[in-house]
Structure formats: C-alpha cells, structure tokens
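Q: Return atomic coordinates for the entry below.
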Amino acid sequence: MKNLFLQQVKTPKVITFLPFYLFTFLLLSSCGLRQQTSVVAAETTEEPVGPAFCADSAYVFCEQQCAFGPRIMNSEAHDRCASWIANKFQRYGLTVTPQHTNLRGYDGTTLRATNIIASYRPDLSERVLVCAHWDSRPWADNDPDPANHRTPVMAANDGASGVAVMLELARQLKSESAGIGIDFICFDAEDWGTPQWSDVADAGNTWALGSQYWAANPHVAGYKARYGILLDMVGGQGAMFFKEGMSMQYAPDVADRVWRAAQVVGFGSMFPNKPGTYVTDDHAPVNSVAHIPCIDIIPYYPACEQSSFGPTWHTVSDDMQHIDRTTLQAVGQTLIQVLYSEK
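A: Numbers count the residues shown, from 1 in each chain. Coordinates of the predicted model:
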C-alpha cells in the first residue's frame with residue numbers, strides 16, 4: 001500500500017455461539033442509542049454534535065469484507081465484494097455510481113478496476129469527500145517470514161477498515177441527516193504497487209491507481225468539494241494518527257479541523273498534534289490533480305521496527321484478530337464531529 005518519502009489483542013471476537021445474522025441484528029440494534037464517550041474531551045468552546053458512531057457495527061462491516069477473502073485485483077472475491085459494498089451504500093439511501101476502467105499494473109498486468117462512488121444528498125452543491133481504498137495487497141511482501149512474501153494479504157486494516165468506517169457513517173446518515181452533501185469514494189487498485197521482491201524499480205506511481213484515474217476523470221464533470229478526508233488503516237491496534245506531511249502541505253486547515261474534532265469528542269490522545277511523515281497515498285492525486293485539499297488519516301508507529309505503518313502492514317497478520325474497536329470508534333466519532341459541524 002503506500003510509500004514513505006521518509007522511511008522510518010485487545011478486542012477478541014465475542015458471542016460466536018449466536019447465528020451470525022442474529023448477532024449482526026442485535027449488534028446494529030444496540031448501536032442506535034446515543035452514548036457518552038468515556039474519554040474526557042480537551043477544553044474547547046466546541047461541543048460534540050451528531051449521532052454516536054457505533055464501533056461494533058463498523059467492526060462487523062470490516063469482518064464481512066474479509067469474509068470474501070483477499071480482495072485482490074481480477075479475482076472473484078474482488079468482484080463479489082464490490083457488489084456487496086455498492087449494495088450496502090444503496091441500502092442506506094445513497095446514490096451509487098460505479099466507475100469501471102482498465103488500469104495498467106507495475107508489471108503490465110491489465111487490472112479490471114472499479115471505483116465505487118456513493119453520494120449522500122447529490123442535489124446539494126456544497127460537498128465533502130470522504131474516501132478509502134477497498135482492494136487488498138496481492139503480496140505480503142513486508143512479512144517477517146520470506147515464505148509469505150507472495151501470499152495475498154487479507155487486508156482487514158489496510159483496506160477494509162476505511163470502508164467499514166464509511167459504511168457506518170452512511171448508516172448513521174440514514175437515521176440522522178447532515179447539512180451538507182457527502183461523497184464516499186472507495187478507490188480501487190491502490191495496493192498493486194511494485195512489490196519489494198520485484199526487479200522493477202518503484203517509481204512511486206504504481207500505487208493509488210484508482211484514485212489517479214478518478215482525479216483525472218471524476219464521476220461528475222467539474223466535480224468540486226470543500227475538502228477531502230482519506231481514511232487508511234484506521235482500525236489497527238495501538239494506532240495513533242499524526243499529521244501526515246502531504247496533508248499539511250496541501251490542506252493544513254483541514255488537518256487542524258479534524259484534529260480539533262478528535263479533541264472535542266475525547267480522542268485527542270490518539271490524534272497527537274505532531275507531524276508524521278510524507279506518505280504516497282490516494283490523497284496525492286486528489287490534491288495535485290483534482291485540486292481538492294485532502295488530508296490522510298493514517299497511523300504512524302515511530303517505534304515499530306517492522307514498519308512505521310504498524311506491525312501488520314503488508315503481512316499475513318493483517319486480519320480481524322488485529323482490528324481494534326477503539327481505533328474504529330476514535331476515527332468514526334471524529335468524522336461525525338467534522339461532518340455534522342458542516343453547514
């Protein structure tokens with residue numbers, strides 16, 4: 001999944017004895033209630049707004065994507081999951097526009113890609129963009145065991161978590177409306193970037209292929225948004241979200257708004273007001289080609305030897321056992337604060 005320009009088991013599954021769909025029904029029903037955050041918000045003149053984000057619901061959405069298997073390009077699991085994501089957004093009342101195209105991988109492989117655009121209140125001209133990638137890395141090329149380097153990644157965190165947060169946001173919007181148009185975009189072909197074991201030099205442009213295509217060919221001619229927020233790896237254990245470098249270069253005001261929202265809803269400790277590194281990710285073409293100021297909410301683990309993206313990045317351990325509801329809650333509630341503050 002991404003490059004760095006500068007390199008650098010908390011919640012088990014529960015109630016497994018219930019039938020899955022009954023468990024899901026009970027889980028989502030319980031999430032309809034407002035809840036108080038258990039973390040004290042920093043002193044601020046702002047107040048929490050909007051509904052309570054349900055981390056249990058987002059966790060289930062993440063789990064359901066993984067149930068298809070790795071969503072690698074040109075696979076049946078990939079195509080089935082695309083239909084599932086689109087149907088979910090439609091069920092919550094959003095207008096879904098699939099953007100199909102053929103893209104060229106680092107090795108010349110033709111990639112049958114689909115960007116999934118789900119629009120909330122498409123009649124409104126004032127809009128905010130929220131995005132994440134939904135494909136899986138085909139190779140666990142950063143796994144500590146070289147035998148796994150050509151094994152597909154389940155991508156519970158690196159892909160499914162961002163989509164899961166967006167789906168839960170869409171579910172909340174169905175029950176409590178927001179005052180602005182929102183476009184959720186699930187970018188495809190983000191993680192087909194040059195593998196570490198390849199003899200092909202990594203020029204950086206082999207990543208984020210779906211967002212590169214959308215930025216040059218938006219789903220609506222002349223599309224504009226006030227700003228964009230990219231969600232990437234937003235469900236990992238022990239995650240902290242520093243202010244990524246390219247975000248601060250292109251959209252510092254947006255970053256400040258999001259980090260302030262995290263403080264308001266009580267998750268300021270997970271969004272430290274500190275600089276991270278520069279990351280090649282889907283927000284790059286959104287900024288440089290589509291000219292929409294866009295930030296990247298992406299974790300930074302400065303003390304992790306395996307990767308500064310965290311210990312499961314591009315490994316076979318990127319699975320549901322390493323997804324943390326607290327991380328999903330922190331990101332989701334922060335996004336609700338931002339979106340429901342818009343007028």
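Q: which of the residues in stretch 83-99 are buried?
A: For stretch 83-99, burial by neighbour count (16 or more other C-beta atoms under 10 Å) applies to 85-86, 88-89, 92, 94, 97-99. For glycine as for every other residue, the C-beta is placed from the backbone atoms N, C-alpha and C.
Q: Same question for stretch 56-66.
A: Quick answer for stretch 56-66 (16+ other C-beta under 10 Å): 56-66.
Q: How about residues contacting that stretch?
A: 11, 24, 27-28, 30-31, 71, 81, 84-85, 88, 134, 154-156, 159-161, 163-165, 167-168, 171, 235, 319-320, 323, 325, 328-329, 332 (C-beta atoms under 8 Å, 6 or more residues apart in numbering).
Q: Okay, and which of those map to strands?
A: Using DSSP state E, no member of the contacts of stretch 56-66 falls within strands.
Q: For stretch 50-64, what is the distance to the chain centroid?
A: On the basis of C-alpha atoms, centre = their mean, to the nearest Å, stretch 50-64 is displaced by 13 Å from the centre of the chain it belongs to.
Q: Now that stretch: average pLDDT?
A: Across stretch 50-64, pLDDT averages out at 98.
Q: could you dump it to CSV, C-alpha only?
A: Listed next in CSV are the C-alpha coordinates belonging to stretch 50-64 (Å, rounded to 0.1, in the frame of the first residue of the first chain):
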residue,chain,number,x,y,z
GLY,A,50,-24.1,14.3,15.6
PRO,A,51,-25.0,10.7,16.5
ALA,A,52,-22.8,8.2,18.3
PHE,A,53,-20.6,6.2,16.0
CYS,A,54,-21.0,2.5,16.5
ALA,A,55,-17.7,0.7,16.5
ASP,A,56,-19.3,-2.7,16.8
SER,A,57,-21.2,-2.0,13.6
ALA,A,58,-18.0,-0.9,11.8
TYR,A,59,-16.2,-4.0,13.1
VAL,A,60,-18.9,-6.2,11.5
PHE,A,61,-18.6,-4.3,8.2
CYS,A,62,-14.9,-5.0,8.3
GLU,A,63,-15.4,-8.6,9.1
GLN,A,64,-18.0,-9.0,6.3
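Q: what pairs with whichever strand or helix holds I116, and is each one parallel or antiparallel?
A: Assigned by DSSP states H and E, I116 belongs to strand 110-120. Taking DSSP bridges as the criterion, strand 110-120 pairs within the sheet with strand 95-104 (antiparallel), strand 181-187 (antiparallel).
Q: got the residue ranges for the helices in the stretch 51-200 of the chain?
A: 55-66, 76-91, 161-175 (DSSP state H, counting those that start in this stretch).
Q: got a markdown table for the strands paired with strand 110-120, with distance to D256 too?
A: Shown next, in a markdown table, are the strands paired with strand 110-120 (distance: least, C-beta to C-beta, whole Å):
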| stretch | distance to D256 |
| --- | --- |
| strand 95-104 | 31 |
| strand 181-187 | 20 |
